[in-house]
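Chemist: Any chance you can model this:
(one chain, ligands or ions: 1)
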Amino acid sequence: MNHFELQNGVLHAENVALPDIADAVGTPVYVYSRATLERHAQVFREALSALDNPHLAFAVKANPNLAVLKVLAKQGYGADVVSGGEMDRALAAGMAPEDIVFSGVGKTAEEIVAALKAGIGQFNIESEEEGRELAILADTFSYRANAVLRINPDVDAGTHGKISTGKADNKFGVGIHRAPDIYGRLAALPGLNMRGVALHIGSQLTSLEPLETAFRKVGDLIAELREDGHIITHVDLGGGLGVKYRADDNPPDPAAYGQMVARVTAGWNVRLMFEPGRVIAGNAGVLLTRVIRVKPGAGNIPFAIVDAAMNDLARPALYDAWHDFEAVEPTGQKMAANIVGPVCETGDTFAMGRDIDSVGANDLAIFRTAGAYGATMASTYNSRGLVPEVLVDGDKFAIVAERIAPATILAAEHVPDWLE
Ligand code: LLP
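Modeler: Residues are numbered from 1 along each chain as shown. All right, here's what the predicted structure looks like:
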């Protein structure tokens, strides 16, 4: 459920008419709904209510906007971060350091030290090499870092290849068969408090089956580690739950996920941790865009050229992702069109030959389900500005990330003296 609906023939975000935002901020612009974020945060928490005190860490990478993080912090969410930059954002949003989990396959020594000093709650170690480095750094600065070992269960998540993370040939974690030995060696290091394991097998998962398979493997691993004498108190089950991008998508709902988790983890006797991203933020945001013009295309299918492009919303170009496209003031008429942006490459295509609401020059439209992995993946390609973000709350809205104009970006570049 989300709060982007028609009211009197005009698409609204909660009670704000999208044309009002376009007038005030210009387009393209990301628009988030606070009520939707809160609802999703609550639904996910509810889904896990059979568990004893689960730890909820929003995957900041999905939507790192400071105001969005603030909304989730107020919902009692911590954060899953993968860089010093994400950590700083989570802290700036008021998340408690102990509620922050530091994941990521390439943490630098600098990031590790900053996280130790900030008092981050847990490091999810992705290799023996990283674990050893963390141990040395922690010991040097007299810390004992809480850590879990991320394992790679070699399970096919059945999602797009570029967002699958739990296959043996993916770069993430340590192979599950090597895990007991590595865990044993890391647990012996003075700077570490090894307390469990983590996994995350991929994103936009549309079936619970691979998750269940992976969790069962983790259950066996926990038993083995305990037999080896280790004290396992925390297991981080990652994120990955898919969302509905198009009408016939049928992702598992959070309640079904929660039931599966409760069933599979019964008797594990650990604190379970979760890193949901997309399921919280995906349908809580849209990308509002304006049609620049419509030009004829092959086979009588025109190109609707919108002012948003692949630099603003990269998912279609990167993963052939589908985002529903709707007119902000639909007339009821439909047309077949290719939806493209202004960037000078064919990859800047949002949809080919799609049946959409009829639109013409200057009409406003939205791409739905753009609240996760949208603005955060924007770039300035083609010397376009960085897309702004707006948060709606009932009948008010605020700019929560300013548009960064091309001139601002140009001003940060310098021609050396010796070129003058
Ligand atoms: N935890 C870890 C360790 C992750 O790597 C990820 C996502 C998550 C949690 C959150 O997963 P979620 O619940 O959002 O599925 N840019 C891609 C998605 C990349 C996801 C990377 N990792 C996209 O636009 O589809």
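Chemist: C-alpha only now, for contacts and for neighbours.
Modeler: Will do.
Chemist: where does the stretch 1-150 of the chain dip in pLDDT?
Modeler: The stretch 1-150 of the chain contains residues with pLDDT under 70 at 1.
Chemist: which stretches of it form helices?
Modeler: Remark: helices assigned in the stretch 1-150 of the chain by DSSP state H, counting those that start in this stretch are 18-25, 34-47, 66-74, 84-92, 109-118, 128-140.
Chemist: Can you lay out those as CSV showing distance to the ligand and mean neighbour count?
Modeler: Below are these laid out as CSV (distance: least, C-alpha to the nearest ligand atom, whole Å; neighbours: other C-alpha atoms under 10 Å):
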stretch, distance to the ligand, mean neighbour count
helix 18-25, 24, 16
helix 34-47, 11, 20
helix 66-74, 14, 21
helix 84-92, 13, 19
helix 109-118, 16, 17
helix 128-140, 15, 19
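Chemist: Serialize those helices to a markdown table and add fields for distance to residue 260.
Modeler: Output for the helices of the stretch 1-150 of the chain, formatted as a markdown table (distance: least, C-alpha to C-alpha, whole Å):
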| stretch | distance to residue 260 |
| --- | --- |
| helix 18-25 | 39 |
| helix 34-47 | 10 |
| helix 66-74 | 24 |
| helix 84-92 | 29 |
| helix 109-118 | 33 |
| helix 128-140 | 31 |
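Chemist: Quick one: residues contacting the residue most central in space within the chain.
Modeler: Nearest to the mean C-alpha position of the chain, by C-alpha atoms, centre = their mean, lies residue 62 at 1.9 Å. Counting by C-alpha atoms under 8 Å, 6 or more residues apart in numbering, residue 62 touches 277, 278, 281, 371, 372, 373, 374, 376.
Chemist: Tell me which of the helices of the stretch 1-150 of the chain approaches residue 287 most closely.
Modeler: Ranking those by their distance to residue 287 (criterion: C-alpha to C-alpha) puts helix 18-25 first, at 10.5 Å.
Chemist: who's in contact with the closest one?
Modeler: Applying C-alpha under 8 Å, 6+ apart, the external contacts of helix 18-25 come out as 10, 11, 12, 29, 288, 328, 364, 399.
Chemist: same deal with stretch 184-198?
Modeler: 124, 128, 131-132, 134-139, 142-151, 183, 218, 222, 231-238.
Chemist: Show me what the top helix by length along the chain is packed up against.
Modeler: Taking DSSP state H as the criterion, the chain has its longest helix at helix 209-227. Applying 3 or more C-alpha pairs under 8 Å, 6 or more residues apart in numbering; DSSP states H and E, we find helix 209-227 packed against helix 179-187, strand 192-198, helix 254-265.
Chemist: Residue 118: which of these is closest?
Modeler: strand 192-198 (16.2 Å).
Chemist: Next, the contact list for residue 215, please.
Modeler: Listed by C-alpha under 8 Å, 6+ apart, the contact partners of residue 215 are 237, 264, 265.
Chemist: before we move on, the earlier item: and the contacts of residue 62 near the ligand, which?
Modeler: Among the contacts of residue 62, the residues that sit close to the ligand (C-alpha under 6 Å from any ligand atom) are 277, 278, 373.
Chemist: give me every residue that touches residue 393.
Modeler: Counting by C-alpha under 8 Å, 6+ apart, residue 393 touches 14, 33, 34, 35.
Chemist: List the beta-bridge partners for the residue lying closest to the last one once chain neighbours are set aside.
Modeler: When you say that, I think you mean residue 35. Using C-alpha to C-alpha, 6 or more residues apart in numbering and skipping residues adjacent in sequence, the residue nearest residue 35 is residue 393, 6.8 Å away. Taking DSSP bridges as the rule, residue 393 bridges to residue 396.
Chemist: re the thing from before, what about the contacts of residue 62, which one has the most neighbours?
Modeler: residue 281 (31 neighbours; other C-alpha atoms under 10 Å).
Chemist: you'd agree that one is in a strand?
Modeler: No. If the criterion is DSSP: H, G, I helix; E, B strand; the rest coil, then residue 281 is helix and not within a strand.
Chemist: All set now, cheers.
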